[in-house]
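Undergrad: got a structure for you, letters missing:
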């Protein structure tokens, strides 16, 4: 835990370029998902309105969380869908501030977080339902693709698992969405959750 706290402080206080260089040195083969999760959980803890921090440090932490999520596609370790989950999760925390937090990175508004997440879902609603149906039948297989009997293709399984993990989090923000079309689209995905 001590290393994560130290790394969190080092990276939060570094420039964007220095963060990229640091990650390349520390993880030459790619950043593991566990490390991203630990860093984002540390950011989540620091961003909590219950944590007594000076305003400047709090905003620096929110900004750092946004930049961390921007780094994920470059260094790997989390799917784009899971990055959306973290945006939603942090946006839900931002809603707990009363009065609202001034200077919040725009990525953490409900509309921006949900839009990003929906744009990065790995399956359409139709394909998600098809994959869920095959999974329930014990044959998560895309017709026409070669597969060894009894073996599940990891891509579709991982995509379906991402949806199962991420979609319920949209419920935290759906009632706070300002864009009516986005709210309808989000509710359509949420309605699908019990069928996955």
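TA: Thanks, I have the structure now. Bear in mind the structure is a predicted one, so any value in this text is a computation, not a measurement. Numbers count the residues shown, from 1 in each chain.

Undergrad: wouldn't residue 81 be in contact with residue 162 here?
TA: Yes: using Cβ atoms under 8 Å, residue 81 is in contact with residue 162, at 4.2 Å. All C-beta spots, glycine's among them, are computed from the backbone N, C-alpha and C.

Undergrad: Which residues are in contact with each of the two?
TA: Counting by Cβ atoms under 8 Å, 6 or more residues apart in numbering, the contacts common to residue 81 and residue 162 are 121, 122.

Undergrad: elements contacting the helix ranked longest in the chain?
TA: Counting residues, the longest helix found in the chain (DSSP state H) is helix 55-75. If you count contacts as 3 or more Cβ pairs under 8 Å, 6 or more residues apart in numbering; DSSP states H and E, helix 55-75 packs onto helix 2-13, helix 16-26, helix 33-47, helix 80-94.

Undergrad: and the angle from that helix to helix 33-47?
TA: Orientation of helix 55-75 against helix 33-47 (axes from the mean of the first three to the mean of the last three Cα atoms, to 10 degrees) gives an angle of 160 degrees.

Undergrad: contacting residues around helix 55-75?
TA: 11-12, 16, 19-20, 23-24, 27, 30-31, 36, 39-40, 43-44, 46-47, 51, 53, 78, 80, 83, 86-87, 90, 94, 101, 103-105, 107-108.

Undergrad: and that helix, what's its mean pLDDT?
TA: Taken as a whole, helix 55-75 has a mean pLDDT of 93.

Undergrad: what do you get for stretch 172-181?
TA: Taken as a whole, stretch 172-181 has an average pLDDT of 98.

Undergrad: which of the residues in that stretch are buried?
TA: Residues 172, 173, 174, 176, 177 are the ones in stretch 172-181 that count as buried (16 or more other Cβ atoms under 10 Å).

Undergrad: what about it, how long is it end to end?
TA: 17 Å (Cα to Cα, to the nearest Å).

Undergrad: about what we covered before: so which of the helices and strands packed on helix 55-75 is the most packed in?
TA: helix 80-94 (a mean of 22; mean count of other Cβ atoms under 10 Å).

Undergrad: Quick check, residue 93 in contact with residue 46.
TA: No: the criterion here is Cβ under 8 Å, and residue 93 misses it with residue 46 at 10.3 Å.

Undergrad: thinking again about what came up before, specify which member of the buried residues of stretch 172-181 is nearest to residue 192.
TA: residue 174 (13.2 Å; Cβ to Cβ).

Undergrad: Contacts only, for residue 115.
TA: Counted by Cβ under 8 Å, 6+ apart, residue 115 has contacts 179, 182.
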